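Undergrad: Below are the sequence and a predicted model; questions follow.
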Amino acid sequence: MNRLRIATRRSKLALWQAQFAADQLSRARPGLAVELVPLSTRGDEFQSAPLSEIGGKGLFIKELERAILAGEADIAVHSMKDLPAHLPDGLRVPAVLARHDPRDAFISHQYASPADMPAGSVLGTSSLRRQCLMKQQYPQLTVRFLRGNVQTRLAKLDAGEYDAIILAASGLDRMDLNERIRRRLSPEESLPSVGQGTIGIECREDDHEIIELLQAVNDAETWTRTSAERAMNATLEGSCSVPIAGYAELDGQALRIRGMVGWPDGSQVVRAERQGDASEATALGDAVGREILAAGGREILKRLAEDHG
Ligand SMILES: NCc1[nH]cc(CCC(=O)O)c1CC(=O)O
């Protein structure tokens, strides 16, 4: 193999991430000719509708997966946050790159943190997780729907449509827009999304040559954290139409994973956490998921599924 084709979405952030992965792969295999294959996805084309109405998270990645399965690309580079709990048959993610900042970022012209926002202030986010966690702590806020790529969302804030917005810190760091960040929210303030800040690489599960190449850029620590978070998500059967968070940290071999499921208006939040050895990552993630289900999460997920018909 001397040529590697990388399927990517066309947004600036997606292209940056694909190029970042391309650079790491080129370093791991000098002489490899890496090229990007930019594709349009339904999620990018229908930016004004709520994701849950146009088909959910999978929309951003289906076209990239189709291209790999059709042999039009060898790999696809994704934000792990955008990958559903279960991958389609025939595909796998053999590598994740070293995680960037997993935290949520608070951005505002007037306010330094969510706690400073007076009653009735408008916070922009279309993440049900961010909405739920902010409303739980600051019920006086009005949360308003906000979609579009990172640049579009910042432009809507600047146009005065919102008093503040929340975005992933990693996306802003990658786009060199981090001077816009007023506060990086701690996991206690805003428990991150499963996979946030992590770039993953997907390929065909029978493509052994590519899998071997990808393993050279895999980051072991990120892999362990991702495994724990995704195991929790799989147990909860998480989708993007549900407020779900899952965040794992590693200190040497000591793994800590925290998770939550909530009601979108913040009126209910169920949390659980486990600590254990890194070798037990998936079991710990699964245990957090099961504890959340038993402590009221199952009821919340059932009611949300009924609401969405
Ligand atoms: N929901 C879209 C999305 N998917 C991944 C990121 C950020 C990059 C990452 O998590 O690595 C973003 C933007 C955001 O949430 O602000």
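TA: Structure received.

Undergrad: Glu249 and Glu273 touch, don't they?
TA: No - judged on CB atoms under 8 Å, Glu249 makes no contact with Glu273 at a distance of 10.5 Å. Every residue, glycine included, has its C-beta placed from N, CA and C.

Undergrad: overlap in contacts of those two?
TA: Applying CB atoms under 8 Å, 6 or more residues apart in numbering, one finds that Glu249 and Glu273 are jointly contacted by Arg256, Ile257.

Undergrad: Make sure Thr270 is indeed in a helix.
TA: Not Thr; residue 270 is Val. No - counting by DSSP: H, G, I helix; E, B strand; the rest coil, Val270 is located in no helix; its state is strand.

Undergrad: What's the local residue count around it?
TA: 19 (other CB atoms under 10 Å).

Undergrad: Also Ile199?
TA: Ile199 - counted by other CB under 10 Å - has 27 other residues nearby.

Undergrad: what's near enough to touch it?
TA: With the criterion set at CB under 8 Å, 6+ apart, Ile199 makes contact with Gln17, Phe20, Ala21, Val77, His78, Ser79, Met80, Val96, Leu97, His100.

Undergrad: That one pairs with what?
TA: Note on Ile199: beta-bridge partners Ser79, judged by DSSP bridges.

Undergrad: May I ask which helix or strand encompasses Ile68?
TA: Here Ile68, judged by DSSP states H and E, is contained in helix 59-69.

Undergrad: Now do that helix: distance to the chain's middle.
TA: Put simply, helix 59-69 sits 17 Å off its chain's centre (CA atoms, centre = their mean, to the nearest Å).

Undergrad: Mind giving me the packing neighbours of it?
TA: Helix 59-69 is packed against strand 3-9, strand 33-39, helix 42-45, strand 75-79, strand 91-96, strand 199-204, with contacts defined by 3 or more CB pairs under 8 Å, 6 or more residues apart in numbering; DSSP states H and E.

Undergrad: Return the residues of the chain in contact with the ligand.
TA: Residues of the chain lying close to the ligand by CB under 6 Å from any ligand atom are Ser79, Lys81, Asp82, Leu167, Ala168, Ser170, Gly171, Gln196, Gly197, Thr198.

Undergrad: what two of those residues are the furthest from one another?
TA: Maximum pairwise distance in the residues of the chain next to the ligand, criterion CB to CB, is 16.0 Å, between Leu167 and Thr198.

Undergrad: List the residues that contact whatever residue of the stretch 1-150 of the chain ends up closest to the ligand.
TA: Proximity of the stretch 1-150 of the chain to the ligand (CB to the nearest ligand atom) peaks at Ser79, 3.4 Å away. Neighbour list for Ser79: Gln17, Gly195, Gln196, Thr198, Ile199, Gly200 [criterion: CB under 8 Å, 6+ apart].

Undergrad: Show me the domain layout of this structure.
TA: What automatic domain parsing lists as the domains of the chain is 1-97+198-218, 104-185, 219-309.

Undergrad: where exactly do the helices run in the stretch 151-300 of the chain?
TA: Remark: helices assigned in the stretch 151-300 of the chain by DSSP state H, counting those that start in this stretch are 169-174, 208-215, 220-236, 281-292, 298-307.

Undergrad: would you turn those helices into TSV with mean neighbour count, distance to Cys132 and mean pLDDT?
TA: What follows is these, written out as TSV (neighbours: other CB atoms under 10 Å; distance: least, CB to CB, whole Å; pLDDT from 0 to 100):
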stretch	mean neighbour count	distance to Cys132	mean pLDDT
helix 169-174	22	19	98
helix 208-215	16	35	97
helix 220-236	23	14	98
helix 281-292	22	13	98
helix 298-307	14	10	93
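
Undergrad: Looking at these, which is nearest to Pro30?
TA: Here helix 208-215 is closest among the helices of the stretch 151-300 of the chain (CB to CB), at 12.3 Å.

Undergrad: How far does the closest one sit from its chain's centre?
TA: 24 Å.

Undergrad: same check, this time on stretch 145-158
TA: Using CA atoms, centre = their mean, the mean C-alpha position of stretch 145-158 is found 17 Å from that of the whole chain.

Undergrad: Which residues in that stretch does the neighbour count mark as buried?
TA: Leu146, Arg147, Asn149, Val150, Arg153, Leu154, Lys156, Leu157 (16 or more other CB atoms under 10 Å).

Undergrad: Phi and psi next, for the third one.
TA: Backbone torsions for Asn149, taken as degrees, to the nearest 10, come to phi -70, psi 170.

Undergrad: Find me whatever residue is spatially closest to it, sequence neighbours aside.
TA: Excluding its sequence neighbours, the residue lying closest to Asn149 (CB to CB, 6 or more residues apart in numbering) is Ser11, at 4.6 Å.

Undergrad: With the last one instead?
TA: Take Leu157 and drop its neighbours on the chain: the residue closest to it by CB to CB, 6+ apart is Ile165, 4.9 Å away.
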